[in-house]
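> based on what follows, work out the 3D shape:
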Amino acid sequence: HSVDMWLAHARLENYDAARKVLNRALTAVPTEPLIWIAAIKLEEANGHGEQCDALVVRAMKWLAQHEAEPERELWIEEAHAAERAGAPLTCHAIVKAALPIGVEPEDRRRIWLDDAETFVNRGAFECARATFATCLAAFPTKRSVWERAAAHERAHGSREALEALLRRAVEYCPRAEGLWLMAAAERRKAGDLPGARAVLTDAFRANGTSELVWLAGVQLEFEVGEHERARTLLARARERAGTEQVWLRSVRLEQALADVAAAHALATGGLQVHARSAELHAAKAAIELGRGEVEAARATYARALKLCPDASALWIGAAALEAADGNTGKARSLLESARIRTPGDPALWLEAVRVERRANNAQAASAMMAKAVQQCPTAGVLWAEAIAMEPRQSQKAKSSDAIKRCDNDPHVILAVSRLFWRDRKLDKARVWCNRAAALDPKLGDAWANYLAFELEHGSVEQQADVLARAVEAGPKHGECWKKLADEPANHSTPVADLVKRCAAAMKLS
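Numbers count the residues shown, from 1 in each chain. All right, here's what the predicted structure looks like:
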């Protein structure tokens, strides 16, 4: 009898008869692994899944005794076939037994993680899950393996499976902050606020000085409107962790709650602990400017520049203060001093150009831009500004120059997309909008520009798709984006709403 005939015969029988057929098949063809795999699938299909692991081990021993043990790759292929056939336990058992074949112990983690990635690329998600499970059993204290496994469950599994995996992860890796935060985030996403709090409480116990854990707890309470809880957590965090970011978050919380005096007091207190914190200096100066205390803000910037002379943001802030106060010459001088220290920082050159533009010195602005792109020839932010500065009829030529210098810079691609949009070359505009967002998914301005375009020229489905992709990307930077996101009132604003507001600001005028 051929193997196919034996297997076909077994499929036609009930459970007991099929077992007998397969046993006879093994006697007739003892070197065929497919008979063993059929027997394992039969047990799984009839509720005996707990036998799968032992049966695979027996199969390998049997085949080895008959000098017919298949190569590792064949077992891997059969695991994938079992997954496609709807036999996940068989799949897991084969993967578990096959992964170590021919792999040195010191190479296992690397090769097994590569195997998991290969499975994912082939759409064999259960095989990948089995590979991660095997890897975790061998390396239960490796944080990176848990993170990869969790990422797989988030992308291709269920919420329940992900939560169960993360519960195990933090037991084995209690010092891995990222795993705790992921576990809390999943509870929060499921609407389980008490569960998220409980996870973070356990995380505090295991990581009492962790900045990330404390700030995650604060953010959770702030988002649900428990502002006093957030304040209490921050007070404890300043005692237990006391990092620069904890102090800065304390300032921003009070700004968001419109308690300017408390925010200023915290910024001052934070600087006593972190005197070289550029961000705390900038926050203190911003609060003072918001209260109309220009001289106090000027003094804050002066102290800050002595303590943090390499912080470009402070030089830019100080120059902006002087320009707004009518001291354009002083603003120029500050930015020139900054460029002497860090001549290759595009942000300093960009601000110098804008000081001239705001003062209506078009010629000086053009001269400054020429120096800027000479000093920073691959800075996309400068080329994007250069395109915007050109008269309409010469913008296309300038954009060609920009693309030659930095053809994969998202700022340049964004600027060019707006030229296509303006000229109503809609298909090209859409492609370039998408390209800008794809080049840097964290660039909020790229997503806002893309959404603004679709709101004007796209369908409801296209608009929804761009917004969903933007939310998934989680933008972090961009000029328009940061301006909106950093406003105290927007500290708890959902990403989708920020994208929409930024898109409204980026509509073509």
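> any weak-confidence spans in the protein?
Within the chain, the ranges that satisfy pLDDT under 70 run 1.
> and stretch 410-427, how far from the chain's centre?
26 Å (Cα atoms, centre = their mean, to the nearest Å).
> now stretch 269-276
For stretch 269-276, the distance to the chain centre is 30 Å (Cα atoms, centre = their mean).
> residues of it that come out buried?
Residues of stretch 269-276 classed as buried by neighbour count (16 or more other Cβ atoms under 10 Å): 270-271, 274. (Glycine included, C-beta is placed from N, CA and C.)
> next: stretch 380-397.
380-387, 389, 395.
> quick one: contacts of it?
By Cβ atoms under 8 Å, 6 or more residues apart in numbering, the residues outside stretch 380-397 that reach it are 346-347, 349-350, 353-354, 357, 365-366, 369, 372-373, 376, 398-399, 401-402, 405-406, 409-412, 414-416, 419.
> and the furthest pair within the buried residues of stretch 380-397?
381 and 395 (16.6 Å; Cβ to Cβ).
> picking up where we left off before, any chance of the buried residues of stretch 269-276 in a markdown table, plus secondary structure and distance to residue 242?
Compiled in a markdown table, the buried residues of stretch 269-276 are given as follows (DSSP: H, G, I helix; E, B strand; the rest coil; distance: Cβ to Cβ, whole Å):
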| residue | secondary structure | distance to residue 242 |
| --- | --- | --- |
| 270 | helix | 9 |
| 271 | helix | 13 |
| 274 | coil | 9 |
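> how about the helices in the stretch 251-400 of the chain?
Along the stretch 251-400 of the chain, counting by DSSP state H, counting those that start in this stretch, helices occupy 260-273, 278-290, 294-307, 312-324, 328-341, 346-358, 362-375, 380-389, 395-405.
> who wins for proximity to residue 482 among the ones you listed?
Of all the helices of the stretch 251-400 of the chain, helix 312-324 comes closest under Cβ to Cβ, at 10.7 Å.
> run through who's touching the closest one.
In contact with helix 312-324 (Cβ under 8 Å, 6+ apart) are residues 278-279, 281-282, 285-286, 289, 294, 297-298, 301-302, 304-305, 308, 328, 330-332, 334-335, 337-338, 342, 345, 347-348, 351, 355, 358-359.
> buried residues in that helix, which are they?
312-323.
> chain center to it, what's the gap?
With Cα atoms, centre = their mean, you get 31 Å for helix 312-324.
> quick one, it and helix 328-341 angle?
160 degrees (axes from the mean of the first three to the mean of the last three Cα atoms, to 10 degrees).
> begin at 47, not 1, for the rest of this chat.
Okay, residue one is now 47; in that scheme the one you just asked about reads as helix 358-370.
> how about helix 358-370 as PDB, C-alpha atoms only?
Taking C-alpha atoms only, helix 358-370 is exported to PDB below (Å, rounded to 0.1, in the frame of the first residue of the first chain):
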ATOM      1  CA  SER A 358      19.900  74.900  21.200                       C
ATOM      2  CA  ALA A 359      16.300  75.200  22.400                       C
ATOM      3  CA  LEU A 360      17.300  77.700  25.100                       C
ATOM      4  CA  TRP A 361      19.200  79.900  22.600                       C
ATOM      5  CA  ILE A 362      16.200  79.800  20.300                       C
ATOM      6  CA  GLY A 363      13.800  80.600  23.200                       C
ATOM      7  CA  ALA A 364      16.000  83.500  24.300                       C
ATOM      8  CA  ALA A 365      16.200  84.900  20.800                       C
ATOM      9  CA  ALA A 366      12.500  84.600  20.300                       C
ATOM     10  CA  LEU A 367      11.900  86.600  23.500                       C
ATOM     11  CA  GLU A 368      14.200  89.400  22.300                       C
ATOM     12  CA  ALA A 369      12.600  89.400  18.800                       C
ATOM     13  CA  ALA A 370       9.100  89.600  20.300                       C
END
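> that helix to helix 340-353, inter-axis angle?
150 degrees.
> so who does the closest residue to residue 270 other than its chain neighbours touch?
Leaving aside its sequence neighbours, residue 270 sits nearest to residue 239 (Cβ to Cβ, 6 or more residues apart in numbering; 6.2 Å). Residues in contact with residue 239 (Cβ under 8 Å, 6+ apart) are 233, 266, 270.
> can you turn the buried part of these into a ChimeraX selection?
The buried residues among the contacts of residue 239 can be selected in ChimeraX (16+ other Cβ under 10 Å) with this line:
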select :233,266
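> in JSON lines, list the contacts of residue 239 along with secondary structure and distance to residue 304.
Listed next are the contacts of residue 239 as JSON lines, based on three-state DSSP; distance: Cβ to Cβ, whole Å:
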{"residue": "233", "secondary structure": "helix", "distance to residue 304": "30"}
{"residue": "266", "secondary structure": "helix", "distance to residue 304": "21"}
{"residue": "270", "secondary structure": "coil", "distance to residue 304": "19"}
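> mind putting the contacts of residue 239 in TSV, distance to residue 205 included?
As requested, the contacts of residue 239 are arranged in TSV below (distance: Cβ to Cβ, whole Å):
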residue	distance to residue 205
233	10
266	18
270	20
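> which one of the buried residues of helix 358-370 is nearest residue 532?
Nearest to residue 532 among these, with distances taken as Cβ to Cβ, is residue 359, at 11.5 Å.
> end to end, how far does stretch 194-214 reach?
One end of stretch 194-214 sits 14 Å from the other (Cα to Cα, to the nearest Å).
> contacts for stretch 531-542 next, please.
By Cβ under 8 Å, 6+ apart, stretch 531-542 touches 268-269, 298-299, 301-302, 304, 490, 513, 516-517, 520-521, 530, 544, 547.
> which residues touch residue 60?
Counting by Cβ under 8 Å, 6+ apart, residue 60 has no contacts.
> so how far is residue 337 from residue 330?
11 Å (Cβ to Cβ, to the nearest Å).
> neighbour count winner among those two?
The neighbour comparison of residue 330 against residue 337 (other Cβ atoms under 10 Å) goes to residue 330, with 25 against 13.
> measure how buried the spatially closest residue to the more buried one that is not a sequence neighbour is and give me the count.
The shortest distance from residue 330 to any non-neighbouring residue, by Cβ to Cβ, 6+ apart, is to residue 313 (3.9 Å). Counted with other Cβ under 10 Å, residues neighbouring residue 313 total 28.
> cool, residue 470 as well?
For residue 470, using other Cβ under 10 Å, the count is 9.
> what does it show for phi and psi?
phi 60, psi 30 (degrees, to the nearest 10).
> how close does residue 136 get to residue 111?
Relative to residue 111, and taking Cβ to Cβ, residue 136 is found at 22 Å.
> with residue 236 instead?
50 Å.
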